[in-house]
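Visitor: sequence unavailable; structure follows:
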């Protein structure tokens, strides 16, 4: 009998194995730079027996515009010629690609190639945001539900005396000190409370713990799925949304896995409440055996241009 199986999102976030190319914004006058990135990414699903009714969801193409980042071009190829593809924007403005394939005999490949640019400029990044939009990032999500240890940690951090965005930085540092980076000890269903109790995980776990704590102290924060320049798995970090007036926020992008603000090595793909909103690959199919996923990814800085002074 055929079973409906899920393609779990096992394209794991993995920060430690990334090889980061030289792109140090402390050594370069980044306020006068245009940076162009190229991304090559491939996913392959293999099956022991033929499967049918594949419904694949991919969140691998960056948002058209995000802060100073802009998508210039992209291409998504599917190895099965008889496939249907539909691109749409989700509630957060991410690009979601749905792919339907009636039957796969042995394997299916998804290849992504894209070019994006960033115009690095001085000063904080401000973004329009309504109170309703911010409330989405204040409420606990499925993977960031608080428990007593998280509530206790949030209360301790709230009493630290830090103000404004310094509270978020302090939370990021707290997570970095309390967690150890260990691969294959957590999974895509691991919650923030479970990761904190274990004291270990990968970048998505660090991000979930930071999100839970930010929301507990009343700071809106969203999960970011993206890339670091180099090779390896995808990466995850947090964007804190600090209200500056009724219709705008200052955005602080913070990587709790490395306890640092993001810089020119980071390329954003999607944002959401937690990992479940932005899982790079997920879906369902009908078959009698599970599938196996393999993935590769390479991100390079293709061009850096220094603007002439006015």
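Guide: That came through fine. Since the structure is predicted, the reported quantities are computational estimates derived from the model, not experimental observations.
Visitor: please make it C-alpha for all contacts and neighbour counts, starting now.
Guide: OK.
Visitor: give me the neighbour count for residue 163.
Guide: Applying other C-alpha atoms under 10 Å, we find 10 residues neighbouring residue 163.
Visitor: with residue 140 instead?
Guide: 18.
Visitor: over to residue 79?
Guide: Residue 79 has 12 neighbours, counted by other C-alpha under 10 Å.
Visitor: can you tell me the closest non-neighbouring residue to residue 135?
Guide: Among residues not flanking residue 135 along the chain, residue 220 sits closest, at 7.2 Å (C-alpha to C-alpha, 6 or more residues apart in numbering).
Visitor: you'd agree residue 212 is in a helix?
Guide: Yes - per DSSP: H, G, I helix; E, B strand; the rest coil, residue 212 lies within a helix segment.
Visitor: quick check: chain neighbours aside, which residue is closest to it?
Guide: That would be residue 144: by C-alpha to C-alpha, 6+ apart, it lies 5.0 Å from residue 212.
Visitor: and the residue nearest to residue 135, how many neighbours?
Guide: 23.
Visitor: verify the stated contact: it with residue 133.
Guide: No - contact criterion C-alpha atoms under 8 Å: residue 220 and residue 133 do not qualify, at 9.5 Å.
Visitor: check which helix or strand covers the residue nearest the centre of the chain.
Guide: Centroid-nearest residue in the chain, with C-alpha atoms, centre = their mean: residue 225, separated by 0.7 Å. Residue 225 is part of strand 221-228, with elements assigned from DSSP states H and E.
Visitor: what does that strand contact?
Guide: Residues external to strand 221-228 that are found in contact with it (C-alpha atoms under 8 Å, 6 or more residues apart in numbering): 15, 18, 20, 137-138, 207-208, 211, 214-215, 233-241, 265-275, 278-279, 299.
Visitor: which stretches of the stretch 51-200 of the chain form strands?
Guide: For the stretch 51-200 of the chain, the strands defined by DSSP state E, counting those that start in this stretch cover 51-58, 65-66, 69-78, 83-89, 95-104, 107-120, 125-128, 180-181, 200-201.
Visitor: out of those strands, which gets nearest to residue 189?
Guide: strand 200-201 (12.0 Å; C-alpha to C-alpha).
Visitor: all set, thanks.
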